[in-house]
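Novice: Got a predicted structure here, sequence first:
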Amino acid sequence: MDHTVVIPPDAQLAPLLRAYDRAVAAKHRQFFIGLAFMAGAFALACIGAEIDPGLFWEKLGNFTSYFNRLAHLDTGAVVLSDPAEWFWGLRRWTRLLGETLLMAYVGTVTGAVLAFCGCFLCSRNLVSSALLRIVIRRIFEICRTVPDIVFAMIFVAAFGLGALPGVMAIAIHTTGALGKLFSEVVENIDMKPVEGIAASGGSWVSQVRFGAVPQVLSNFASYAVLRFEINVRGAAVLGFVGAGGIGEELIVAIRKFFYSDVSAILVMIVVCVMLIDTLSEKLRHRLLAMDERP
Amino acid sequence: MTGHSPLRDAFLANRDRIADQHAALLDPGWRSRMGTIAIFGGGIVLYIASFFLLDMSLSNLIGGFRRLADIVGLMFPPTPETWSRFYLYLGAIGQTLSIAFLGTLLAAVLAVPMGFLAARNVVANRLVHLLARRSLDTIRSVDTLIWALIWINVVGLGPFAGVLAIMCSDFGAFGKLMSEAIETASDKPVEGILSTGGSRFAAIRFGVVPQILPVFASQILYYFESNTRSATIIGIVGAGGIGLHLSELIRVLEWQQAAFVILMVLVTVAAIDQISQRLRGAIIGRRR
Amino acid sequence: MLVIDGMSCVFGQTRAVNNVSLSIPRGAFVGVIGRSGAGKSTLLRALNRLVEPSEGRIHWDNEDVSSLSGRALRDWRRRCAMIFQQFNLVGRLDVLTNVLTGRLAHTPGWRSNLKLWSADDRAIAMAALDQLDIANLAPQRADNLSGGQQQRVAICRALVQEPDIILADEPVASLDPRNARIVMDALQRINRHYGMTVLCNLHSLDLAHAYCDRLVGMAAGRVVFDDVPAALTEAAARELYGMEADEVLDAAPTGATQPDGVPAGAASNASAM
């Protein structure tokens, strides 16, 4: 078969290829500079984090044996052989898991309500006072940058052990996280309805209530549900610092080497989180579908 | 307010006829609102009930706020007290960043093969990708702090356990993201490569990878950002970084130093946010 | 009577409205014409105070409405209802609620925000919809309606405000000719029936000739023509519209054969569909 592409003589081809190589070389140079930078950062980080591959290799056996122990009861039997013994604390753990879910719920609702109130006040298209906007934005930023567990530690010192500091920590973190997302949604709304309400004599609250809220509600709800999902995961570990929920039970089991308890609690947390993930995904799809024109 | 305008009178004049004609439409619609009312009512009842179920009393709340105000008062002015402590905290912040960086990088590297395995359009075998998906979900649903506790049992206290913890929890998230990116990648370039007689591997290498690379790179940066936050807290359980100092300071009620450390964390996170935002902009912008 | 006295609206370097003085008696149907960017829209928005006039005064029956604020301003906006080119309805709310937002200035905030409208308000809103033959659409979401239907909903919202004057900003510019007629007929009927003052921006000379009993021509923010429609010669129109003249005047012949507006009865027939 004949070549359909006629290969031109070298004199003609070489400059073309050279031009291409030159153009690509610049990209390659950039890539290698980036790679060198990454390698440097990697080496620096290895020193910083006291990485010891030898240790890792040596201890890798521990990892498998750890999971092996997680899979066995104190009696030496495999956990699945005696589920009743494995989940001996089912009642108590279920209660604690329920407590964790409630903490996440109350924290999410409180945070979502606060974020809802604040987000309209820090949106450029609804509020003209730059001072008010900046103040609210800064508050949101601090609320979401400080990790919830740090808030929880401080609140435990103030409110004592229990669910209260955990709920407050979740609420504050949620306010910051949702406040940012909410205000982004509000800044992207169509302003024509708001103007329509203003033109017929509606007050600022009415403009927000009838012009803005109907446009953002389903988006807000979807974000809040997603946040609840994240908060359930977060609430499960708040007990590590004494802020209620199942975390306290888990950390005690880990510290005291009650291996089968650890695996039982972990299984419960994982199943619960996965269940909520699935439900929340369905719910969010439905919420966002409401937004589309039927 | 105006009393009676001619317009109002005109509208209300044939009120009865309109009420008759559109009775169904004029109904206040309690029934149609029933669902909304039930959901909201249920939500509010559960909210209030939670306060009792969780043992959160008003007196507790008020007393706590008084103490909280005291604590906030004690935080001012934030100070590290001595320079040597300042350098100690600075080093710990460096360690935190190292943990976040290494954890993210390792997770990303490990997630690449897993992502392809879990993508429906790459691995045709339903069982394989379902299994891959489920195990990714399981890994993802365990919090970083729990992973840290597990790794501490394996490699001992220290930042190494932290790196492995971040790696594990991100591996799940990255794998999922990666597989989703692959699944939503356009089929057209793949068809193009296959139509020239390329192999299945070549189709992935030249058809899929160039599409997902920028998306994935920007996701890695985003996770590095959020891992900086996570890495600040894994020290609480003993897995290295600034969290160890922070939890210790709070435990011994050294509020001024604790406030200083929190400020350091805020500044660091803000700086990393800025840098990664710029980089992400550059990556997405350049490739498009 | 609406009296505009030396009003200007300045945005940065541009004077969108430049020293406009007009007086509009009650019950008039005044058309504001001119090419796009002549300042027609800004003039109307300034009257409703959606845009702050930079200079000059606006009086309604000897009351200075250009200096109002807060509650008094909202009451003025209630009295000068606005109709927009893009309807400015709340797409995700149903039609009846959209009309009821015209009652906001009549309703205490806590009631309206919980959507606890009084029976009177609901009856008024329904009657307004009924008058424009769209009562059957009341429970539908506003963004499911056609453009013509949405504009009629917007007119209902304006009517239930119980206004003294209706400001219509290009009310038919996004509608097809048939719907444009329906909407303009409705405005005319309101004007004739209730003696409502209507100030209407129109791009189409054809419609302006057919419906208005006075035309105000604007160019570069100034009033350059103010007379009965018959006085607008083709030469004057060409000057007013400049580059856009051919596009506007092409449609003129149909306008010329049109007698003075469509009788009110014909309007309801047309809108019954």
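Specialist: Structure received. Numbers count the residues shown, from 1 in each chain, chains lettered A, B, ... in the order given.
Novice: okay, CA-based contacts and neighbour counts for the rest of this
Specialist: Will do.
Novice: Quick check: which ranges of chain C have low pLDDT?
Specialist: Regions of chain C meeting the criterion pLDDT under 70 cover residues C:243, C:247-273.
Novice: just for chain B, where's the confidence low?
Specialist: When residues are selected by pLDDT under 70, those of chain B lie in B:1-4, B:24-32, B:121-124, B:186, B:284-288.
Novice: Show me where it has its helices.
Specialist: With DSSP state H as the definition, chain B shows helices at residue ranges B:6-13, B:15-21, B:23-26, B:30-53, B:58-74, B:83-118, B:126-140, B:144-155, B:159-184, B:188-195, B:200-202, B:209-233, B:242-251, B:255-287.
Novice: Residue of chain B nearest chain C, please.
Specialist: Among all residues of chain B, B:Phe11 sits closest to chain C, at 5.4 Å; criterion: CA to the nearest CA.
Novice: Determine the set of other helices and strands touching whichever strand or helix holds A:Glu248.
Specialist: Here A:Glu248 sits within helix A:247-255, counting by DSSP states H and E. With contacts defined as 3 or more CA pairs under 8 Å, 6 or more residues apart in numbering or on different chains; DSSP states H and E, helix A:247-255 has these neighbours: helix A:213-238, helix A:259-291.
Novice: Using JSON lines, lay out those together with mean pLDDT.
Specialist: JSON lines is the format used below for the helices and strands packed on helix A:247-255 (pLDDT from 0 to 100):
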{"stretch": "helix A:213-238", "mean pLDDT": "89"}
{"stretch": "helix A:259-291", "mean pLDDT": "85"}
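Novice: For chain C, which of those is the nearest?
Specialist: Set against chain C and scored by CA to the nearest CA, those come closest in helix A:213-238, at 5.9 Å.
Novice: Next, count neighbours for C:Gln140.
Specialist: 15 (other CA atoms under 10 Å in any protein chain shown).
Novice: Any residues of the stretch 151-273 of chain C in contact with chain B? List them.
Specialist: Applying CA under 8 Å from any CA of the partner chain, one finds that the stretch 151-273 of chain C approaches chain B through C:159-160, C:162, C:194.
Novice: what's around the closest residue to A:Ile276 other than its chain neighbours, how many residues?
Specialist: Of all residues beyond its chain neighbours, the one nearest A:Ile276 is A:Glu229 (6.5 Å), with distances taken as CA to CA, 6 or more residues apart in numbering or on different chains. In terms of burial, A:Glu229 registers 24 neighbours under the definition other CA under 10 Å.
Novice: Return the residues in contact with A:Glu229.
Specialist: Contact analysis of A:Glu229 by CA atoms under 8 Å, 6 or more residues apart in numbering or on different chains lists A:273, A:276-277, A:280.
Novice: just the residues of the stretch 101-250 of chain C that are near chain A, which are they?
Specialist: Of all the residues in the stretch 101-250 of chain C, those lying near chain A are C:101-102, C:104-105, C:109, C:112-113, C:143-144, C:158, C:161, going by CA under 8 Å from any CA.
Novice: Taking these, tell me the two that lie furthest apart.
Specialist: In these, the most distant members under the criterion CA to CA are C:Gly109 and C:Asn144, with 28.1 Å between them.
Novice: In chain A, which residue is most central in space?
Specialist: A:Ile230 (5.2 Å; CA atoms, centre = their mean).
Novice: so how far is B:Met167 from that residue?
Specialist: Note on A:Ile230: its distance to B:Met167, by CA to CA, to the nearest Å, is 19 Å.
Novice: which one of the helices of chain B is the most hemmed in?
Specialist: Stretch with highest mean neighbour count among the helices of chain B: helix B:159-184 (a mean of 25; mean count of other CA atoms under 10 Å in any protein chain shown).
Novice: tilt between it and helix B:144-155?
Specialist: Note on geometry: by axes from the mean of the first three to the mean of the last three CA atoms, to 10 degrees, helix B:159-184 and helix B:144-155 are set 130 degrees apart in direction.
Novice: Tell me how far helix B:159-184 lies from the chain's centre.
Specialist: From the chain centre to the centre of helix B:159-184 is a distance of 13 Å (CA atoms, centre = their mean, to the nearest Å).
Novice: That one vs helix B:126-140, what angle?
Specialist: Between the direction of helix B:159-184 and that of helix B:126-140, the angle (the same axes, to 10 degrees) works out to 140 degrees.
Novice: mind listing what the closest residue to A:Ser280 other than its chain neighbours touches?
Specialist: With CA to CA, 6+ apart as the criterion, A:Ser280 has its nearest non-adjacent residue at 6.2 Å, and that residue is A:Val225. The neighbourhood of A:Val225, defined by CA under 8 Å, 6+ apart, consists of A:280, A:283-284.
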